[in-house]
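1. this one's structure only:
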Ligand SMILES: Nc1ncnc2c1ncn2[C@@H]1O[C@H](COP(=O)(O)OP(=O)(O)OP(=O)(O)O)[C@@H](O)[C@H]1O
């Protein structure tokens, strides 16, 4: 495990180590949504977290940014433990927000409907006392490909793709080290998806921003990540270079996920067969687990 004594050059930017989260369900049931999830992300790196609905991806994302407190495990950025300590002042909360920002699946829900794009960015910048706000707003709009019409528009006057561009710009406003994107393109048309993926690749290349890209879709993850973690029922079943996972998956569940990606010569019947062949896990205590 990486310790704070590790020399900075050799130290990964982000280390998730042994993350675990149990939810308490009605009655006496509990559900382990994430169990012993560990991975590292180098500075400027990009890691995907894939798995079906309910595999625990969002729970991990929320633990990374601090929206959910892990029962066990740590999240470190540059060797600093983000999960330590209970009470935090505003200054410390903002400093942590500057380390990791998150973009959600539904930009419409995450944006304030009353604010124009320009006002949205100004609000975020003022929260973090960023100097030179006006120039920075134009720079951010330009960075995500929003023009002057969109700058003056409110979320309901924008397309889904434009809303997601604004959500990305807002996240970039504080110059984060890491951007966590939770199903950030899942609600968009395929052509808009690819534009947003291209945008993320460009931003990463130009700024060195590191990405944690969460998706149920291996086909989407391949465009933006170097490494991928495959989750099933709260646990990591396989992780490694994305290219290797796509060409030579070792785990039956990864193979099943891959078989479910429509492509030339795709056989839906084989996909269903593979899905059935992946070994079942179990994590719910109390009543029998449904799937
Ligand atoms: N606040 C909560 N209380 C109880 N159970 C929860 C809570 N949040 C998530 N869960 C359960 O934890 C499991 C993992 O959910 P999570 O949202 O992390 O998975 P996911 O892979 O992101 O799925 P999806 O893509 O559908 O969001 C699911 O079974 C879910 O029902």
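-> Everything's here; your move. Owing to the predicted nature of the structure, the values given are computational and were not obtained by experimental measurement.

2. How far does stretch 138-154 stretch from one end to the other?
-> 16 Å (C-alpha to C-alpha, to the nearest Å).

3. repeat for stretch 244-261
-> Between the opening and closing residues of stretch 244-261 there is a gap of 16 Å (C-alpha to C-alpha).

4. Could you pull up the mean pLDDT of it?
-> The average pLDDT within stretch 244-261 is 90.

5. same question, stretch 112-122
-> Mean predicted confidence for stretch 112-122 is 95.

6. residues in contact with that stretch?
-> With contact meaning C-beta atoms under 8 Å, 6 or more residues apart in numbering, stretch 112-122 is reached by 111, 123, 133, 136-137, 140-141, 146, 150-156, 158, 166, 169-170, 173. Quick note: C-beta positions are derived from backbone N, CA and C, even for glycine.

7. ok, of those residues, which come out buried?
-> 111, 133, 136-137, 140-141, 146, 150-151, 153, 155, 158, 166, 169-170, 173 (16 or more other C-beta atoms under 10 Å).

8. ok, longest helix in this protein?
-> Using DSSP state H, we find that the single longest helix of the chain is helix 190-207.

9. can you list contacts of it?
-> 44, 46, 143-145, 159-161, 164-165, 168, 172, 181, 184-185, 188, 209-211, 213, 220, 223-224.

10. just the buried members of those?
-> Buried among the contacts of helix 190-207 (16+ other C-beta under 10 Å): 46, 143-145, 160-161, 164-165, 168, 172, 181, 184-185, 188, 209-211, 213, 220, 223-224.

11. Pretty sure residue 179 sits in a strand.
-> Yes - inclusion of residue 179 in a strand is indicated when DSSP: H, G, I helix; E, B strand; the rest coil is applied.

12. so how far is residue 244 from it?
-> 24 Å (C-beta to C-beta, to the nearest Å).

13. more crowded one of the two?
-> The neighbour count for residue 179 versus residue 244, taken as other C-beta atoms under 10 Å, is higher for residue 179 (23 against 13).

14. What residues are bridge-paired with that one?
-> For residue 179, the beta-bridge partners are residue 101, residue 211 (DSSP bridges).

15. List the contacts of it.
-> Applying C-beta under 8 Å, 6+ apart, the residues near residue 179 are 100, 101, 102, 103, 168, 171, 172, 209, 210, 211, 212.

16. and if we set it to 6 Å?
-> The neighbours of residue 179, taking C-beta atoms under 6 Å, 6 or more residues apart in numbering as the test, are 101, 171, 209, 211.

17. Then residue 242?
-> Contacts here follow C-beta under 6 Å, 6+ apart; on that basis residue 242 touches 222, 225, 228.

18. Strands - which of these land there?
-> Among these, the members found in strands (DSSP state E) are residue 228.

19. and which of the contacts of residue 242 is nearest residue 261?
-> The closest of these to residue 261 turns out to be residue 222 (C-beta to C-beta; 9.2 Å).

20. Got the phi and psi for that closest one?
-> Dihedral angles of residue 222 (phi, psi; degrees, to the nearest 10) stand at phi -60, psi -30.

21. Tell me how many other residues surround it.
-> When counting by other C-beta under 10 Å, one arrives at 18 neighbours for residue 222.

22. gap between it and residue 240?
-> Residue 222 sits at a distance of 13 Å from residue 240 (criterion: C-beta to C-beta).

23. Check residue 27 too.
-> Going from residue 27 to residue 240 by C-beta to C-beta gives 39 Å.

24. So for those two, which residue has more residues nearby?
-> Taking neighbours as other C-beta under 10 Å, residue 27 and residue 240 compare with residue 240 leading, 15 against 8.

25. Bridged to that one, which residues?
-> Here residue 240, judged by DSSP bridges, has bridge partners residue 228.

26. Next one: it relative to residue 251, how far apart?
-> Between residue 240 and residue 251 the distance, using C-beta to C-beta, works out to 10 Å.

27. same check, this time on residue 151
-> 46 Å.

28. now swap in residue 159 and tell me
-> Separation of residue 159 from residue 251 (C-beta to C-beta): 38 Å.
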